[in-house]
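Engineer: next come a sequence and a model predicted from it.
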Amino acid sequence: MKRTFGILGVALVTVAATLSAQRPVLERRSMAGPRLGLTYAFGKTADSVLQANNLEPILSQFGWHFEQQVVPQGGGPMFVIQEVFLVGAVEQRTAIPSASFLMGIRMPNGFEFGLGPNLSPTGSALVIGIGKSINYGGVSLPLNFAFVRSPGAVRMTVLVGYALETTRDFGR
């Protein structure tokens, strides 16, 4: 019995080693960094909330962007997960927090698309983001547009910032 298990164990280890040798090496990058921008809010519900709080429809945005991307060996589209935490309307003597969680794809040319949930004091919504990241000497310079839709309200946001790239290899 021990000998059968030993031969079976060696066979399993050999198969696993062969499969892992054929598995592509993945690279995971973290692209965290600051963000700033502007949001324009409109719609029946948005107008009511803005008026009730004596706010203008154009709001500043300041925050931090966390990002993880998986880059398949050999290039191609990257799979991206982004967490964006913002505080808006500080110029209007208030602080409106929001958090977005987007899942998407970034093409090799830097064009990106993602969508996911957004949470703010007025409730939850769907956020759709598109943008372009320019790589400049290991620094990513993103320009992103986000559309947040909830019943009776739409928020359109433009964000800029930078991120320093940190890399970790997975695989072999």
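Structural biologist: Okay, I see it.
Engineer: in the protein, where is pLDDT below threshold?
Structural biologist: The model of the chain has pLDDT under 70 over residues 1-30, 165-172.
Engineer: could you pull out the strands for it?
Structural biologist: 26-30, 33-42, 58-72, 78-88, 96-106, 111-120, 123-136, 139-150, 153-161, 163-164, 166-170 (DSSP state E).
Engineer: so what touches the fifth one?
Structural biologist: Same thing as strand 96-106. 59, 69, 77-89, 112-121, 127, 129, 133, 146, 148 (Cβ atoms under 8 Å, 6 or more residues apart in numbering). In short, each C-beta sits where N, CA and C put it, glycine included.
Engineer: what does the fourth one give?
Structural biologist: Contact with strand 78-88 is made by 35, 39, 59-72, 95-108, 112, 114, 129, 159, as judged by Cβ under 8 Å, 6+ apart.
Engineer: please repeat the previous calculation with a cut-off of 7 Å.
Structural biologist: 35, 39, 59-71, 95-106, 112, 114 (Cβ atoms under 7 Å, 6 or more residues apart in numbering).
Engineer: give me the buried subset of those.
Structural biologist: Neighbour-count burial (16 or more other Cβ atoms under 10 Å) applied to the contacts of strand 78-88 gives 35, 39, 59-63, 65, 67, 69, 71, 96, 98, 100-102, 104, 106, 112, 114.
Engineer: on that earlier part again, make CSV out of the strands of the chain and add distance to residue 51.
Structural biologist: Formatted as CSV, the strands of the chain follow (distance: least, Cβ to Cβ, whole Å):
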stretch, distance to residue 51
strand 26-30, 41
strand 33-42, 11
strand 58-72, 14
strand 78-88, 16
strand 96-106, 15
strand 111-120, 17
strand 123-136, 18
strand 139-150, 17
strand 153-161, 13
strand 163-164, 37
strand 166-170, 44
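Engineer: closest to residue 48 out of those strands?
Structural biologist: strand 153-161 (9.1 Å; Cβ to Cβ).
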